[in-house]
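A.B. asks: build me a model from this:
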Amino acid sequence: MRRSKWVCGFVTAALAVLAAAAVAQTRRAHPVRTAARSEPSAQQIAAAKTYGVRTAPVTIEEFSDFECPACRELYMGTLRPLIDEYVAQGKVYLVHHDFPLPVHQYARSAALYANAAAAIGRFEPVERALFTRQPEWSASGRVRDVVAGALTAAEMKRVDALVKDPVVAAAVDHDVELGRQAGVQRTPTMFISFRGQRTPVVGVVSYDVLRRFLNSLLASR
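C.D. replies: Numbering: from 1, shown residues only. Below is the predicted model:
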C-alpha cells in the first residue's frame, strides 16, 4: 500500500515537472507581447474623410483646398445640403481629397489638422469649422485655434500629437498625387462617377444644378 502511494506521488510529481517544462517551452516559442501603440494608417485616414456608403449608386470625389474661397462656397452652399439629402439617403458616396494649393499660405497646415482629426474620427466637425471660419484663419494663420474650437480638450490633445506624424503628411500627399494623376489643376474639382463613367466638374456648381444632374443619373438606373 505504501509502495502504491509512493509510485502515485512520484508519477504526479513527474507530470507536474513535465507540464511546467512544456509551459516554459511554449512561452519561449510564443513570448507574451505587450500591446503595440495603435497608429492610424494613410488608408484609415482616407476612409475617415468620406460620407455615406461605398455601395451608393453615385460617387463624388471632391478635391478641395481649405483656404480656397471657391471651395468654401461649394462646401457651404452645395456639399452640406448634398450630405443632408443624397448622402443621408444612400444615393451618393462623397469622398473628400485634400489638394492644398501652394498659392495659399495656410492651406497645407489646415489639411494636416483636418487629416489628424480624421485619424481620430473627427473629420466632419473640423472640416465644417475650417470652411465656416475660413475668413478668420486665412488672414491670421491661427488654424489650430479654429480646430481646437471644434473639438474637446482631450480630442485636441490627440490631434496635436498627430498633426506632425509622417503618416498624416503622407495622407495629404497621397491625395495631392491622386489629384495630379486625375489632371486636377484648380480647386474645387469634383469627379462624379456613375456606372463606370466619371464626369469632371470644375469650379463651383450650385446645389440646384447638381441636384438636377444627380436626379437625371438616378432616374436612368
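
A.B. asks: show me the shaky parts of the protein.
C.D. replies: Applying pLDDT under 70 to the chain picks out residues 1-38.

A.B. asks: make it 90
C.D. replies: Applying pLDDT under 90 to the chain flags residues 1-40, 42, 221.

A.B. asks: what segments of it are strands?
C.D. replies: 50-51, 58-64, 92-98, 189-194, 197-202 (DSSP state E).

A.B. asks: to D160, which of those lies closest?
C.D. replies: With CB to CB as the measure, strand 92-98 is the member of the strands of the chain nearest D160 (19.0 Å). Every C-beta, even on glycine, is put in place using the N, C-alpha and C of the backbone.

A.B. asks: remind me what that closest one packs against, helices and strands.
C.D. replies: In this structure, strand 92-98 packs against strand 50-51, strand 58-64, helix 107-119, helix 166-181, with contacts taken as 3 or more CB pairs under 8 Å, 6 or more residues apart in numbering; DSSP states H and E.

A.B. asks: got a list of contacts for it?
C.D. replies: 49-56, 58-66, 79, 82-83, 86-87, 111, 114-115, 123, 127, 171-172, 175-176, 178-179, 214 (CB atoms under 8 Å, 6 or more residues apart in numbering).

A.B. asks: sorry, back to before: any chance of the strands of the chain in TSV, plus distance to K157 and mean neighbour count?
C.D. replies: TSV is the format used below for the strands of the chain (distance: least, CB to CB, whole Å; neighbours: other CB atoms under 10 Å):
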stretch	distance to K157	mean neighbour count
strand 50-51	25	18
strand 58-64	27	23
strand 92-98	23	23
strand 189-194	34	20
strand 197-202	38	12
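
A.B. asks: quick check: which of those is nearest to T132?
C.D. replies: strand 58-64 (14.2 Å).

A.B. asks: packing partners of that closest one?
C.D. replies: When contacts are defined as 3+ CB pairs under 8 Å, 6+ apart, strand 58-64 packs onto helix 69-74, strand 92-98, helix 166-181, strand 189-194, helix 207-219.
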